[in-house]
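>>> For reference, the sequence and a predicted model appear below.
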Amino acid sequence: MNTVLTVDAVNRSFGERQVLKDVSFTVTAGRLTGFVGANGAGKTTTMRIILGVLAADAGTVTWRGQQLTRETRQRFGYMPEERGLYPKMSVLEQLVYLGRLHGLGAAEARRRTTALLERLELAERANDHVQKLSLGNQQRAQIAAALVHDPELLVLDEPFSGLDPIAVENVLGVLRERAASGAAVLFSSHQLELVERLCDDLVIIADGTIRAAGDRATLRDQFTQPRYQVEVGGDAGWLRDEPGVTLIDLDGRHATFDLDPGADDQVILRAALARGPVHAFGPVRPSLAEIFREVIQ
Ligand SMILES: Nc1ncnc2c1ncn2[C@@H]1O[C@H](COP(=O)(O)OP(=O)(O)OP(=O)(O)O)[C@@H](O)[C@H]1O
């Protein structure tokens, strides 16, 4: 795995209030990392520290093992929480301008802007002032602004908020393409369901503390026990009296149950078969959204 960004034991207080407590996680090139937490959990503060807009009280942020510099940060793209485009300038002009600020020549900045607006389905709005766009289109223009210089690291604060489902898919497609061409993508969200569906890696923060971090499959293995689901020909109520079984849900022929440690699922399967046909039997894992529901709210 190609870890590019390392946040290590970062602390930050505002006045008496400590809002980040030993925050540590990594971001890998070529992958989407979702940074999830409730309002006020510390996501924006962490992102600002990564971008150098805010200083940490303690801890470090490194890029490919090196301290961050102004040059490295030039290769980052950031969509801040306080959206930064000028309301009275056209989308095209601003993106070209931002591209030039990041060192692109005029023709290259214009070429990339045009391609990006096309890809984000904003081409027809290119000459409109930002303030004339719908909120969803403003959001896409903000995302385009973070992408125009082809950054190696993309840091996006709530990029999906306010987008309709079609726009979510469009933006997600763009982020996936960036990741596929080698960029590292970190974005925040307070919607764990969405992040669990979209991301390769997750970082879950609550009250300034990282609760879980890593790739989705490993986290699910680490934090959830498999439950079993069965569908039989008759009523599944007999499972209630089966040793080692804790029934979670029973609905006629369908049942969901937990097994005590050491209990053998094959014994249950045989008991089911002895009573008649078995149409489905197997482990399922609860989602991370179910496990961390109370942490995220
Ligand atoms: N400049 C500041 N001065 C004082 N307190 C601040 C400042 N910035 C953030 N905070 C506080 O730090 C805590 C973490 O805020 P932060 O914006 O990082 O959370 P968040 O997870 O991004 O939440 P949200 O989704 O609401 O933006 C909050 O309690 C917030 O009020």
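Happy to help now that I have it. Numbers count the residues shown, from 1 in each chain.
>>> Met47 contacts Pro159, doesn't it?
No: the pair formed by Met47 and Pro159 falls short of the contact definition of Cβ atoms under 8 Å, at 11.6 Å. (Glycine included, C-beta is placed from N, CA and C.)
>>> where along the stretch 101-250 of the chain do the strands fall?
Applying DSSP state E, counting those that start in this stretch to the stretch 101-250 of the chain gives strands spanning 153-156, 184-189, 201-206, 209-215, 227-232, 245-251.
>>> got the CA coordinates for the third one in PDB?
What follows is strand 201-206, C-alpha atoms only, in PDB (Å, rounded to 0.1, in the frame of the first residue of the first chain):
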ATOM      1  CA  ASP A 201     -10.800   3.300   3.400                       C
ATOM      2  CA  LEU A 202     -12.600   4.900   6.400                       C
ATOM      3  CA  VAL A 203     -11.600   7.100   9.300                       C
ATOM      4  CA  ILE A 204     -14.200   7.400  11.900                       C
ATOM      5  CA  ILE A 205     -13.900  10.300  14.400                       C
ATOM      6  CA  ALA A 206     -16.100  11.100  17.400                       C
END
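>>> what angle separates it from strand 209-215?
170 degrees (axes from the mean of the first three to the mean of the last three Cα atoms, to 10 degrees).
>>> List the neighbours of strand 201-206 that are in contact with it.
Defining contact as Cβ atoms under 8 Å, 6 or more residues apart in numbering, one finds that strand 201-206 is touched by 23, 25, 27-28, 31-38, 41-43, 46, 192, 195-196, 210-216, 219, 288, 292, 295-296.
>>> again with stretch 10-25
7-9, 42, 45-46, 49, 54, 56-61, 203, 205, 208-210, 213.
>>> Any of those residues buried? List them.
Among those, those buried by neighbour count (16 or more other Cβ atoms under 10 Å) are 7, 42, 45-46, 49, 56, 59, 61, 203, 205, 208-210, 213.
>>> and the ligand, which of these contact it?
Among the buried ones among the contacts of stretch 10-25, the residues within reach of the ligand (Cβ under 6 Å from any ligand atom) are Gly42, Thr45.
>>> And the buried ones among the contacts of stretch 10-25, which is closest to the ligand?
Nearest to the ligand among these: Thr45, at 3.3 Å, using Cβ to the nearest ligand atom.
>>> Checking that closest one next. Helix, strand or coil?
helix (DSSP: H, G, I helix; E, B strand; the rest coil).
>>> Model confidence for the residue of the stretch 151-297 of the chain at minimum distance from the ligand, exactly?
Nearest residue of the stretch 151-297 of the chain to the ligand (Cβ to the nearest ligand atom) works out as His190 at 5.6 Å. His190 carries a pLDDT score of 87 in this model.
>>> Need the phi and psi values for it.
phi -100, psi 10 (degrees, to the nearest 10).
>>> Test my guess that it contacts Gly40.
No: contact criterion Cβ under 8 Å: His190 and Gly40 do not qualify, at 9.8 Å.
>>> Enumerate the residues of the stretch 1-150 of the chain near the ligand.
Near the ligand, when you scan the stretch 1-150 of the chain using Cβ under 6 Å from any ligand atom, you find Phe14, Val19, Gly37, Asn39, Gly40, Ala41, Gly42, Lys43, Thr44, Thr45, Glu81.
>>> one step back: closest one of the buried ones among the contacts of stretch 10-25 to Phe223?
Nearest to Phe223 among the buried ones among the contacts of stretch 10-25, counting by Cβ to Cβ, is Ala213 at 11.4 Å.
>>> for that closest one, which residues make a bridge with it?
Val203 (DSSP bridges).
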